[in-house]
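Peer 1: Dropping a prediction and its sequence here:
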Amino acid sequence: MKSNQIVVLLVAAFFCSGLSGCIGSDSFDILPEKKGVPGGLTLACLRSSMYTSMVIEIDHEPGYRPFSSSADMLVERLNSVCDKPSGISVEYNEVDFQHEGAWTAQDVRDKGWEQKDTSPRDGTTLYWQVLFPAGTYETDSVLGVAVDASTVALFGDSIDEADGPFGRPSVEDVENSVLVHEVGHLLGLVNLVYQSPVDHEDDEHPGHSNNEDSVMYWAVESADVSNFIFGTLPNDFDNDDRNDLAGLADGSIEIRDQLWP
Ligand SMILES: [Zn+2]
């Protein structure tokens, strides 16, 4: 009997330590989980000491399911930089975000967290989430946004109109690239949570590459992408991006603002 009471007390103390308020046993006011900044879960992806597998949760409204080539390419790109020995998989949910009007970054954050199937860090699995909502961003030339450490959105209505003349690049090409680009921001590219030893961040577009052959090139998430990029749209990280990620993974480049570790 006595030992049971101690267990109960210990459990209560454990829960209360992570709570604000903690007034009364049935009015637990749980602190919201820290959402972090894009790049805040970079090491959680690059390293496998805690998170050995990864799930990309794709929440799309009816009619906005992405091309399967986009998810396939994203998984391939992530596998090439992140250490996930138990694999990276994709889960699709069809949802109704019940959102009117244009989207702000805060809308993406709020609706994303309402829909998340699980915490971004659950056991040994890391969850990143991609929203494909109906409608456009408040700046309708924006094709995609990364809003916190685990959440990005792609705006299909704007991507549909961003293909080039004569269908090159195609809508599918644009979607492929924008998806890798936004998730690249979750990997901290470029200079979001570190300072690269190489000068490859675009002076006029912070957080982006100045190399038009990198998927992190600034124009990739912009509606006039086909006016800025001639030839093939980049859909992969360049050597500077990859060297940054390798340096972050092995600790030779200092990183900040991490939710883990
Ligand atoms: Zn960007």
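Peer 2: Nice, I can see it.
Peer 1: Which stretches in this structure count as strands?
Peer 2: 19-20, 29-30, 53-60, 88-94, 121-122, 125-132, 144-146, 151-154 (DSSP state E).
Peer 1: can I assume residue 143 is in contact with residue 153?
Peer 2: No: if you go by Cβ atoms under 8 Å, residue 143 and residue 153 don't touch, sitting 9.8 Å apart. From N, CA and C alone the C-beta is placed, and that goes for glycine too.
Peer 1: returning to that earlier point: could the strands of the chain go into JSON lines alongside mean pLDDT and mean neighbour count?
Peer 2: Converted to JSON lines, those look like this (pLDDT from 0 to 100; neighbours: other Cβ atoms under 10 Å):
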{"stretch": "strand 19-20", "mean pLDDT": "39", "mean neighbour count": "12"}
{"stretch": "strand 29-30", "mean pLDDT": "54", "mean neighbour count": "10"}
{"stretch": "strand 53-60", "mean pLDDT": "98", "mean neighbour count": "21"}
{"stretch": "strand 88-94", "mean pLDDT": "98", "mean neighbour count": "15"}
{"stretch": "strand 121-122", "mean pLDDT": "92", "mean neighbour count": "16"}
{"stretch": "strand 125-132", "mean pLDDT": "98", "mean neighbour count": "24"}
{"stretch": "strand 144-146", "mean pLDDT": "97", "mean neighbour count": "26"}
{"stretch": "strand 151-154", "mean pLDDT": "98", "mean neighbour count": "26"}
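Peer 1: Those into JSON lines, with extra columns for distance to residue 46?
Peer 2: Putting the strands of the chain into JSON lines (distance: least, Cβ to Cβ, whole Å) gives the following:
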{"stretch": "strand 19-20", "distance to residue 46": "31"}
{"stretch": "strand 29-30", "distance to residue 46": "29"}
{"stretch": "strand 53-60", "distance to residue 46": "11"}
{"stretch": "strand 88-94", "distance to residue 46": "13"}
{"stretch": "strand 121-122", "distance to residue 46": "14"}
{"stretch": "strand 125-132", "distance to residue 46": "10"}
{"stretch": "strand 144-146", "distance to residue 46": "16"}
{"stretch": "strand 151-154", "distance to residue 46": "17"}
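Peer 1: and of those, who's closest to residue 193?
Peer 2: Nearest to residue 193 among these is strand 144-146 (12.0 Å), distances taken as Cβ to Cβ.
Peer 1: Can you list the strands that the closest one pairs with?
Peer 2: strand 151-154 (antiparallel) (DSSP bridges).
Peer 1: So for residue 252, which of the strands of the chain sits nearest?
Peer 2: strand 125-132 (22.4 Å).
Peer 1: Point to the helix or strand of this protein where mean pLDDT is at its lowest.
Peer 2: One helix or strand of the chain scores below all others by mean pLDDT, DSSP states H and E: strand 19-20, with a mean of 39.
Peer 1: Could you tell me what pLDDT the model assigned to the spatially closest residue to residue 225 that is not a sequence neighbour?
Peer 2: Spatial nearest neighbour of residue 225, chain neighbours left out: residue 219 (5.1 Å); criterion: Cβ to Cβ, 6 or more residues apart in numbering. At residue 219, the pLDDT value in this model is 92.
Peer 1: Residue 219 touches residue 226, doesn't it?
Peer 2: No: applying Cβ under 8 Å, one finds residue 219 not in contact with residue 226, separated by 9.2 Å.
Peer 1: Tell me which residues touch residue 55, please.
Peer 2: The contact partners of residue 55, by Cβ atoms under 8 Å, 6 or more residues apart in numbering, come to 88, 89, 90, 91, 125, 126, 127, 128.
Peer 1: Test my guess that the first one contacts residue 56.
Peer 2: Yes: counting by Cβ under 8 Å, residue 88 sits close enough to residue 56 to count as a contact (6.9 Å).
Peer 1: Spell out which residues are contacts of both of these two.
Peer 2: Common contacts of residue 88 and residue 56 (Cβ under 8 Å, 6+ apart): 75, 78.
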